[in-house]
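Undergrad: Attaching a predicted model along with its sequence, questions to come.
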Amino acid sequence: MTATGPVRAERVVTSGTFSLDGETFDVDNNVWLIGDDAEVLIVDAAHDATAVHAAVGGRRVTAIVCTHGHDDHIGAAAELADLTGAPVLLHPADRELWSVVHADRKPDGDLADGQLLEVAGVSVRVIHTPGHTWGSCSLQVPFLDAVFTGDTLFHGGPGATGRSYSDKPTIEHAIRERLLVLPAGTVVHTGHGQDTTIGAERPHVPHA
């Protein structure tokens, strides 16, 4: 396939709430569109399906990939799938979290470690990075020298692990073994907040 226009990552910020373990917080989420002028892959379906659909701008959506099953990352998935006709993909280890939000609709497909997704002529590699949730996944796009980490790795270190379905040693191991081995210049596009790089985050992840 020949790409139309530059293959790029576009950020859409949406706002809403995150609820788990009986608490609710206001949050701003990064939704990422990976692709070109003809087609895109959506990373996370946060809060506002209409805003994300507007950013797609009529391009074909190849998939809606959920980095994990927390409600702020999947809340708009069903509506966005209806608007775009694209399948929703989620790691099966997060199906229980998904079912709390979408009791009457299952994801359309599973994510698996090492799986390759194609969009706009480039490959997106799924990396299972559990710890923030058991099914958390990151998405590496070598063409862009980038990795999309959801809530696994942020500017400043690992994502939160103080709630249900999470574990601190697990996330630290996943980051060390699966993400920090990527080239230092790899841009880290996160689920919340600002970008960082793999090299910048290496000092912030404890050694085993």
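TA: Right, received. Where do you want to start?
Undergrad: Now do the SS call for the most centrally placed residue in the chain.
TA: The centroid of the chain falls nearest to Thr67 when counting by Cα atoms, centre = their mean (3.3 Å). Three-state call for Thr67 (DSSP: H, G, I helix; E, B strand; the rest coil): coil.
Undergrad: Let me know the pLDDT of it.
TA: On pLDDT, Thr67 comes in at 98.
Undergrad: and if you look at Ala3?
TA: pLDDT, Ala3: 46.
Undergrad: Now do Ser99 against Leu90, distance only.
TA: 11 Å (Cβ to Cβ, to the nearest Å). For glycine as for every other residue, the C-beta is placed from the backbone atoms N, C-alpha and C.
Undergrad: Okay, and His73 sits in which element?
TA: Under the criterion of DSSP states H and E, His73 resides in helix 71-74.
Undergrad: From the contact counts, what lies against that helix?
TA: Secondary-structure packing of helix 71-74 (3 or more Cβ pairs under 8 Å, 6 or more residues apart in numbering; DSSP states H and E): strand 8-20, strand 23-35, helix 95-101.
Undergrad: Mind putting those into a markdown table with mean neighbour count?
TA: Output for the helices and strands packed on helix 71-74, formatted as a markdown table (neighbours: other Cβ atoms under 10 Å):
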| stretch | mean neighbour count |
| --- | --- |
| strand 8-20 | 16 |
| strand 23-35 | 18 |
| helix 95-101 | 17 |
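Undergrad: Among those, which comes closest to Ala46?
TA: Ala46 lies closest, by Cβ to Cβ, to one member of the helices and strands packed on helix 71-74: strand 23-35, at 3.5 Å.
Undergrad: can you list the residues that contact that closest one?
TA: For strand 23-35, contacts defined as Cβ atoms under 8 Å, 6 or more residues apart in numbering pick out 7-19, 40-47, 52, 55-56, 59, 62, 72-73, 119-120, 124, 139, 141, 144, 148, 189-193.
Undergrad: That one pairs with which strands, and in what direction?
TA: Note on strand 23-35: by DSSP bridges, its sheet partners are strand 8-20 (antiparallel), strand 39-43 (antiparallel).
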